[in-house]
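Student: Everything below, folded, please.
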Amino acid sequence: MKAILARTGAALCAVLLGLSPTCWAASPASGPPFAPTVADHSPIPVLLAQAGDAPPTAPPTAPPTAIDQALGHGAAARPDPAGRWLTPNRLHQYLGVAAITLAAATAMSFGLAEEEDEGPLPPGAEREKDGGLHGALAVATTTAAVGAVVTGIAVHHDDVGLGKPLADPDNLHMLLTLVGTAGLATATAMEGDGGHSAFGIGGGLAMLAGIKLTW
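Tutor: Next up is the predicted model:
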């Protein structure tokens, strides 16, 4: 009985040692050794090598938003070590998209502005130009457009210049958005005067074309 127990114990030890990949690696030809060598299997050199050769971890960056992906800017072009959701570059993008959206809403509200008029006026009387919803949207559009231009100059002033050809996308983006902002501001200043819609539509289209160049 003692001989059987001894053989069983030896077989179990051999199986347990055989399941250790570290022991097999020490001597693949002669079977699993009883003790791995320090030179081959000590974790100390591995840990020291990992601690000395590990590259410094990069600071977290803000994840790109849908606008970043559409315009090709954001975290990839302007890394933000603080991981903020709002940066000057993103503010520039948000204001540009807001200007286009508000310009479209202003154009669609043009018919509502005429419906708000309270019938014909007596001879010699002038209607007060409060603008209503149409006028409020126009002011908001111009404000967003001016904000987009100001933040664009602050963030991307080094991307434009006379050293690049006029056909450069950055230069065209700047020129078209400047023309678009001027047209929107002119239409807002004219309020209900005839022809203001032409400036508004032209300014909105120029702004849209300028943003499209960066997509």
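Student: how about low-confidence regions in the chain?
Tutor: Applying pLDDT under 70 to the chain picks out residues 1-83, 111-131, 192.
Student: Quick one: list the elements packing against the longest helix seen in it.
Tutor: Longest among the helix segments of the chain by residue count, using DSSP state H, is helix 132-156. Contacts defined by 3 or more C-beta pairs under 8 Å, 6 or more residues apart in numbering; DSSP states H and E place helix 132-156 against helix 88-108, helix 110-115, helix 169-190, helix 196-212. Placement of C-beta: from N, CA and C, glycine included.
Student: Gly132: which of those helices is closest?
Tutor: Closest to Gly132 of the helices and strands packed on helix 132-156, according to C-beta to C-beta: helix 110-115, at 5.4 Å.
Student: coming back round to it: how about JSON lines for the helices and strands packed on helix 132-156, with mean neighbour count added?
Tutor: As requested, these are exported to JSON lines (neighbours: other C-beta atoms under 10 Å):
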{"stretch": "helix 88-108", "mean neighbour count": "20"}
{"stretch": "helix 110-115", "mean neighbour count": "12"}
{"stretch": "helix 169-190", "mean neighbour count": "20"}
{"stretch": "helix 196-212", "mean neighbour count": "19"}
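Student: quick one, what contacts the spatially closest residue to Thr177 that is not a sequence neighbour?
Tutor: Counting by C-beta to C-beta, 6 or more residues apart in numbering, Gly210 is the residue found nearest to Thr177 once chain neighbours are left out, at 3.9 Å. Contacts for Gly210 (C-beta atoms under 8 Å, 6 or more residues apart in numbering) come out as 172-177, 180.
Student: Looking at those residues, spot the one nearest Gly194.
Tutor: The closest of the contacts of Gly210, once distances to Gly194 are taken by C-beta to C-beta, is Gly180, at 21.3 Å.
Student: wait, doesn't that closest one sit right on Gly200?
Tutor: No. Taking C-beta atoms under 8 Å as the definition, Gly180 is not a contact partner of Gly200, at 10.2 Å.
Student: Walk me through the domains of the protein.
Tutor: As given by automatic domain parsing, the domain ranges for the chain are 2-49, 66-114+130-212.
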